[in-house]
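**Q** Using only what follows, build the 3D model:
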Amino acid sequence: MSWDGERVELLRKLWQEGISASRIAAQLGAGITRNAVIGKVHRLGLAGRAKPAAPSAAPRPRRVSQPSATQRTVALRGNTMMLREVVVAEEYEPAVLPKAVVIPISERVTITELRENMCRWPLGDPLTPEFRYCGTKCDPSASYCMPHGRMAYQQVPDRRRG
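**A** Presented below is the predicted three-dimensional model:
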């Protein structure tokens, strides 16, 4: 494959028109690849080029300055992610409804009063002096009493039910 004068001129013309390197390679044919086109463009020093005309499409939807109650903005992270608006269903019902957990009145013990057969469920902000643990009597093999154990260990939904 050689870059004769005709091909170079056609390459310059198509590049200035804003045609993509893949399309230029297809038009030039004869085994010229997209990478060969890009390499030749750089060797020729062809930098600026016209942007291709955008096809006439429907007008873009207008952005809402304040999201309504049914919308929220979510930032997705990653090398190709962008900021998107996500519509949240108003009447969302989870597939598995949580069961009501009734928690009995606890002992409210400090860490120094905590023993092996007491519930270790934290109560309050650990940075405040009022921070305590549940302290309710429980099985020595368990870390939490039954009500707090139900909150800590959620049952995995059966995959076959969906």
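**Q** Can you pull out the low-pLDDT segments for the chain?
**A** The chain contains residues with pLDDT under 70 at 1, 47-104, 157-162.
**Q** Okay, and the nearest residue to residue 14 once chain neighbours are set aside sits in which element?
**A** Closest residue to residue 14 apart from its sequence neighbours, by C-beta to C-beta, 6 or more residues apart in numbering: residue 24 at 4.7 Å. No exception for glycine: its C-beta is placed from N, CA and C like everyone else's. Taking DSSP states H and E as the definition, residue 24 sits inside helix 21-28.
**Q** elements contacting the following helix or strand past that helix?
**A** Using DSSP H and E, the helix or strand that follows helix 21-28 towards the C-terminus is helix 34-44. Helix 34-44 is packed against helix 5-16, helix 21-28, with contacts defined by 3 or more C-beta pairs under 8 Å, 6 or more residues apart in numbering; DSSP states H and E.
**Q** ranges for the strands of this protein?
**A** 71-75, 83-87, 122-123, 132-133 (DSSP state E).
**Q** if we can go back for a sec, put together CSV for the helices and strands packed on helix 34-44, with distance to residue 123 and mean neighbour count on each row.
**A** Formatted as CSV, those follow (distance: least, C-beta to C-beta, whole Å; neighbours: other C-beta atoms under 10 Å):
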stretch, distance to residue 123, mean neighbour count
helix 5-16, 69, 14
helix 21-28, 63, 17
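**Q** Quickly list the domain ranges of the protein.
**A** Following automatic domain parsing, one finds the domains of the chain at 5-44, 100-154.
**Q** what packs against the helix holding residue 24?
**A** For helix 21-28, the packing partners by 3+ C-beta pairs under 8 Å, 6+ apart are helix 5-16, helix 34-44.
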